[in-house]
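Colleague: mind folding the following:
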Amino acid sequence: MKKIDCAYAAGIFDGEGCIHITRNNRGSYALIVTVGNNNEWLVKWLQFAFGGYIGTHVSTLSRRPCFQWQLSANKAVEFLQAIMPYLRIKKPQAELAIQFQSKRNHRGISSTPEQNALNEADRLLMRHYKKPWL
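Modeller: So this is what the prediction gives:
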């Protein structure tokens, strides 16, 4: 990947992207990176350049189609590492996301209560980075 493409992707991500550490109903945690935009070309370029999935929905406000590009787990980390040198706003979130994913159990073994507590702490810290007033 060219540096200029990584810098362009970082600018898009700083403005339109989001990093989530989610917890599902069964108590397992996952890293998800998304970019939402109503420019289909933009999200298709991200998919072509970095992989991932594109979902669509119609905006309730503008009634226009909205496209959402998504990566998860290790693919999300690869993307964040590629754009890290160029991030400004979301750099602390990206660092936390990479750290979170590096601690993940990749063998399908259930997490211990201690691992779940650390995962929950990371999830809450990520939420604080996005909304420091909470």
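Colleague: chain center to the helix of greatest length in the chain: distance?
Modeller: Taking DSSP state H as the criterion, the chain has its longest helix at helix 113-130. Distance of helix 113-130 from the chain centroid (Cα atoms, centre = their mean, to the nearest Å) equals 15 Å.
Colleague: give the burial count for residue 103, as a bare number.
Modeller: Neighbourhood size, residue 103 [other Cβ atoms under 10 Å]: 12. Using the backbone N, CA and C atoms, a C-beta is placed for each residue, glycine as well.
Colleague: and the closest residue in space to residue 58 that isn't next to it in sequence, what does it touch?
Modeller: The shortest distance from residue 58 to any non-neighbouring residue, by Cβ to Cβ, 6 or more residues apart in numbering, is to residue 65 (5.9 Å). The contact partners of residue 65, taken as Cβ atoms under 8 Å, 6 or more residues apart in numbering, are 38, 40, 56-59.
Colleague: same for the longest helix of the chain, what does it pack against?
Modeller: strand 17-23, strand 29-37, helix 91-102 (3 or more Cβ pairs under 8 Å, 6 or more residues apart in numbering; DSSP states H and E).
Colleague: tell me the most buried of the ones you listed?
Modeller: For the helices and strands packed on helix 113-130, average neighbour numbers computed from mean count of other Cβ atoms under 10 Å are highest in strand 29-37, which has a mean of 20.
Colleague: so what touches the helix or strand just after that strand?
Modeller: Going down the chain from strand 29-37, the next helix or strand is helix 40-50, by DSSP states H and E. Residues from elsewhere that reach helix 40-50 (Cβ under 8 Å, 6+ apart): 1, 5, 9, 12, 35, 37, 52-54, 65, 67-69, 71, 75, 78-79, 82.
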